[in-house]
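Colleague: model this:
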Amino acid sequence: MDILIFSWRGPGHPLAGGAEQVTFEHAKGWVKAGNTVTLFTSAFKNGKSEEAIDGIRIVRRGFDVFGVHLFAFIWYLFGNHESFDLVVDQFHGIPFFTPFYVSTKKLAFIHEVTKEVWWLNPWPKPFNLIPAVIGTIFERFIFTLLYRSVPFMTVSESTKKDLIAWKIPEKNITVIHNGFHTLKVNFSKEYKNTLIHLGALTKDKGIEDSIEVFNLINQKYSNWQFWIVGKGEPNYLSYLKEKIKRFHMESKVKFFGYVDQKKKFELLSKSCFLINPSIREGWGLVNIEANSVGTPVVGYKVPGMIDSVQDGKTGYLFAKGDISGIAEKVCDLSKDNKTYDRLSEECILWSKKFTWDKASKMSLKLINKSIIASNYVVR
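Modeller: Purely as a prediction, here's the structure:
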């Protein structure tokens, strides 16, 4: 088959995150099975307009916030390309509106609906109200009016429930949990108790709440340190560092920025707890990555987190905003070696359930069974 994927960000983009990684992993599995895959995505500074990565043709046009959706429309209708058997329309806040102009088979791929995250967009005030108000009002109608007859692939039961609430027929929705790539590491925990926050440094990912939690821990115990790993917008990073300075924690907190896979698993392995107070996740890939090296997760009981974290077995989940509850649990577990060791063992067992080989086989089966006509056979 010839498969086209529309994704707002792709490989190499400086702000690409877990959703883009997941899309690319499925694409690699489809190529491995003998299919041809083109990934149309946004451009970025110094990025090539076209290249091939792991057998996938990458086409970059327009920019992620403004441009890529319009360029996708123009390129698909008027560009020089082959005919496609399947077009994958990936949602990230808004989709590519393929029902308007794509007549061939379509598959909608979504990690999470946006809902309250619209209000935490990084636009400066008062311009931040533009996507907040428009997104909140129109998001559900995009699903209801345009995508009711389009099959959906998603990553969690939480997102499936949100789609059903927005009138997507349950029979049209397939849940395929993400896999992950782990690295064998052999690092013991740090001699200082270590809390780690890993992911995009944005409001919706809860980095400010993570800092608040560490402040409470630091007030009670002096032998703790906090590692912050991930990328963030420069002005917001300055704000976070100023917040840490107000708490007099500069000597206890270290910013690592973006790290490669090897360093990521090293830091996760050395940490005692991953804190993930995100207000909403599609799945929470970083939770499984932490679990794979025996590191439990603490965070909020919100969509996505309730799917990837087994509350009481691979970590603990709290009501949104319960900063003191998270801090108290982390402190208690740091003194309870027996419970912590049990959690760590459960983490490793849980993580073994999720592989990219399993996930890509399931997505291939979905395409073969639900999307493509019987004259196409996916091996």
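
Colleague: Pull the contacting residues for Asn276.
Modeller: His197, Leu198, Gly199, Lys205, Gly206, Gly284, Val286, Asn287, Val297, Val298, Gly299, Met305 (C-beta atoms under 8 Å, 6 or more residues apart in numbering). Where you see a C-beta, it was placed from the backbone N, CA and C, and this is true even at glycine.

Colleague: in what helix or strand does Lys106 lie?
Modeller: If you go by DSSP states H and E, Lys106 is part of strand 105-110.

Colleague: typed the wrong thing, it's Glu212
Modeller: Applying DSSP H and E as the criterion places Glu212 in helix 207-220.

Colleague: what does that helix contact?
Modeller: Under C-beta under 8 Å, 6+ apart, the answer for helix 207-220 is 195, 197, 201, 224, 226, 228, 232, 240, 243-244, 247, 249, 252-253, 275, 277, 321, 323-324, 326-327, 330-331.

Colleague: returning to what we had before: tabulate the contacts of Asn276 (CSV), appending distance to Phe66.
Modeller: Below are the contacts of Asn276 laid out as CSV (distance: C-beta to C-beta, whole Å):
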residue, distance to Phe66
His197, 30
Leu198, 29
Gly199, 25
Lys205, 23
Gly206, 27
Gly284, 29
Val286, 28
Asn287, 32
Val297, 35
Val298, 37
Gly299, 32
Met305, 31
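
Colleague: quick check, nearest of those residues to Pro99?
Modeller: Ranked by distance to Pro99 (C-beta to C-beta), these are led by Gly284 at 29.5 Å.

Colleague: So the closest one sits against Val302, correct?
Modeller: No - counting by C-beta atoms under 8 Å, Gly284 does not reach Val302; the two are 9.6 Å apart.

Colleague: So these two - more neighbours on which side?
Modeller: Gly284 (31 against 21; other C-beta atoms under 10 Å).

Colleague: out of everything not next to it in sequence, what's closest to that one?
Modeller: Nearest residue to Gly284, sequence neighbours excluded (C-beta to C-beta, 6 or more residues apart in numbering): Ser308, at 3.8 Å.

Colleague: Tell me the secondary structure at the residue lying closest to Phe187 once chain neighbours are set aside.
Modeller: Spatial nearest neighbour of Phe187, excluding adjacent residues (C-beta to C-beta, 6+ apart): Ser269 at 4.3 Å. In three-state terms, and counting by DSSP: H, G, I helix; E, B strand; the rest coil, Ser269 is helix.

Colleague: Hmm, Thr295 and Ser269 touching each other?
Modeller: Yes - using C-beta under 8 Å, Ser269 makes contact with Thr295 at a distance of 7.0 Å.

Colleague: Of the two, which one has the most company?
Modeller: Using other C-beta under 10 Å, the more surrounded residue of Ser269 and Thr295 is Thr295, with 27 against 19.

Colleague: just checking, the more buried one touches Ser344?
Modeller: Yes - in this structure, Thr295 is within contact of Ser344 by C-beta under 8 Å, at 7.4 Å.

Colleague: re the thing from before, ok, the residue nearest to Phe187 - contacts?
Modeller: By C-beta under 8 Å, 6+ apart, Ser269 lies in contact with Val185, Asn186, Phe187, Val293, Gly294, Thr295.

Colleague: After the host helix or strand of Leu274, heading C-terminal, what element do we hit next?
Modeller: In this structure, Leu274 is located in strand 273-276 according to DSSP H and E. Counting by DSSP H and E, the element after strand 273-276 in chain order, helix or strand, is helix 285-292.

Colleague: For that following helix, give the mean pLDDT please.
Modeller: Averaged over helix 285-292, pLDDT sits at 96.

Colleague: Kindly export that helix (C-alpha atoms) in CSV.
Modeller: What follows is helix 285-292, C-alpha atoms only, in CSV (Å, rounded to 0.1, in the frame of the first residue of the first chain):
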residue,chain,number,x,y,z
LEU,A,285,4.8,7.2,27.5
VAL,A,286,7.3,8.6,29.9
ASN,A,287,5.6,6.8,32.7
ILE,A,288,6.3,3.4,31.1
GLU,A,289,9.9,4.4,30.4
ALA,A,290,10.4,5.2,34.0
ASN,A,291,8.7,2.0,35.1
SER,A,292,11.1,0.0,32.8
